[in-house]
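Visitor: got a sequence here, can you model it:
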Amino acid sequence: MARFADKVVIVTGAGSGIGAATARRFADEGASVALAGRTRDKLDKTAARLPSDRCLVQVTDVAQWPQVQALVEATLQRFGRLDVMVNNAGVAVEGRITEASLEDWREVMSIDLDGVFHGCRAAMPALMRSRGCIVNVSSVSGLGGDWGLSFYNAAKGGVSNLTRALAMDYGRDGVRVNAVCPSLTRTDMTEDMFSDEALLARFRDRIALGSTAEPEDIAAVIAFLASDDARFVTGVNLPVDGGLMASNGQPHQA
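Guide: Sure, this is the predicted structure:
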């Protein structure tokens, strides 16, 4: 497919996991892709698998508004337009509200929520010109609560509702805004979880398809939401969860 030929895409958190898989997916479908993240070595590793004439690497801390502005400006200078903004960068901190630190709260909020806000705000003028779209990476944790992840839940809940509000505000300007909400996905952030077979078994018992996700599974849905195939879809927080949220929460009885 070449759904994104002549299109320009920014992907934050592009050094690994969902972000790297998303960058590859867009490039495979013809897009020029700007890779953003805090670690140059990781970005270069992703870039090495993309066509050099359709790739820009920009070291960016999404928690810093001037750096996100510079990312969008560099993308426009290099490629002349922007069609898709994928706000993917994120972190998680475990612990109850009385256990995790105030510094932990600020870090999660500054990256997971402020970072998405910065990306949407900086990209919006260019997307209004191109009648483009935003795809935010929220989480099933932005649609319901988890044990011991209240900071992450609060940030991702903010992303989910920000997505809805921006879809309403900018739909008549031609900009669609959607989010994907993955369940457990194999990434650097979840590496410890994937080394715990007992924990994985509990996850698989709750997921209707009986397996966890790979980054490419999420990237495929991001690409769909950014494509013309989803031209009448906006304001959606789409669970990409193998059927996890189909459950009412009661245990498996078979």
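Visitor: switch to C-alpha atoms for all contacts and neighbour counts from now on
Guide: OK.
Visitor: name the helix or strand of this structure that has the lowest mean pLDDT.
Guide: For the chain, counting by mean pLDDT, DSSP states H and E, helix 191-194 ranks last in confidence among helices and strands (a mean of 84).
Visitor: give the other helices and strands that that helix contacts.
Guide: Counting contacts by 3 or more CA pairs under 8 Å, 6 or more residues apart in numbering; DSSP states H and E, helix 191-194 is packed against helix 197-206.
Visitor: ok, and for the very next helix or strand once past the helix it packs on, which residues are buried?
Guide: Using DSSP states H and E, the helix or strand that directly follows helix 197-206 along the chain is helix 215-226. By 16 or more other CA atoms under 10 Å, the buried positions in helix 215-226 come out as Pro215, Glu216, Asp217, Ile218, Ala219, Val221, Ile222, Ala223, Leu225, Ala226.
Visitor: hang on, the fifth one packs against Asp28?
Guide: Okay, so that is Ala219. No. Taking contacts as CA atoms under 8 Å, Ala219 lies outside contact range of Asp28: 11.7 Å.
Visitor: can you tell me the element Asn136 falls in?
Guide: Using DSSP H and E, Asn136 sits in strand 133-137.
Visitor: for stretch 145-152, list the C-alpha coordinates in CSV.
Guide: What follows is stretch 145-152, C-alpha atoms only, in CSV (Å, rounded to 0.1, in the frame of the first residue of the first chain):
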residue,chain,number,x,y,z
GLY,A,145,-8.3,2.3,36.5
ASP,A,146,-5.4,0.0,37.4
TRP,A,147,-4.0,-1.1,40.7
GLY,A,148,-1.0,1.0,41.7
LEU,A,149,-0.9,3.1,38.5
SER,A,150,-2.9,6.2,39.5
PHE,A,151,-0.4,8.7,38.1
TYR,A,152,-0.4,7.0,34.8
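Visitor: what does the least confident helix or strand of the chain contact?
Guide: Arg186, Leu199, Leu200 (CA atoms under 8 Å, 6 or more residues apart in numbering).
Visitor: change it to 7 Å
Guide: The contact list for helix 191-194, computed with CA atoms under 7 Å, 6 or more residues apart in numbering, reads Leu199, Leu200.
Visitor: can you give me the strands in the protein?
Guide: Remark: strands assigned in the chain by DSSP state E are 8-12, 32-37, 55-59, 84-87, 133-137, 176-182, 237-240.
Visitor: would you list these in TSV and tack on mean neighbour count, distance to Gln67 and mean pLDDT?
Guide: Output for these, formatted as TSV (neighbours: other CA atoms under 10 Å; distance: least, CA to CA, whole Å; pLDDT from 0 to 100):
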stretch	mean neighbour count	distance to Gln67	mean pLDDT
strand 8-12	28	12	98
strand 32-37	28	10	98
strand 55-59	22	8	98
strand 84-87	29	14	98
strand 133-137	29	18	98
strand 176-182	27	22	98
strand 237-240	22	27	97
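Visitor: how about those in JSON lines, adding distance to Glu94?
Guide: Putting the strands of the chain into JSON lines (distance: least, CA to CA, whole Å) gives the following:
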{"stretch": "strand 8-12", "distance to Glu94": "23"}
{"stretch": "strand 32-37", "distance to Glu94": "22"}
{"stretch": "strand 55-59", "distance to Glu94": "27"}
{"stretch": "strand 84-87", "distance to Glu94": "22"}
{"stretch": "strand 133-137", "distance to Glu94": "19"}
{"stretch": "strand 176-182", "distance to Glu94": "18"}
{"stretch": "strand 237-240", "distance to Glu94": "22"}
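Visitor: out of the ones you listed, the one nearest Leu209 is which?
Guide: Minimum separation from Leu209 across the strands of the chain (CA to CA) falls at strand 237-240, 11.4 Å.
Visitor: check contacts around the nearest residue to Val140 once chain neighbours are set aside.
Guide: Closest residue to Val140 apart from its sequence neighbours, by CA to CA, 6 or more residues apart in numbering: Cys181 at 5.0 Å. The neighbours of Cys181, taking CA under 7 Å, 6+ apart as the test, are Val137, Ser138, Ser139, Val140, Asn237, Leu238, Pro239, Val240.
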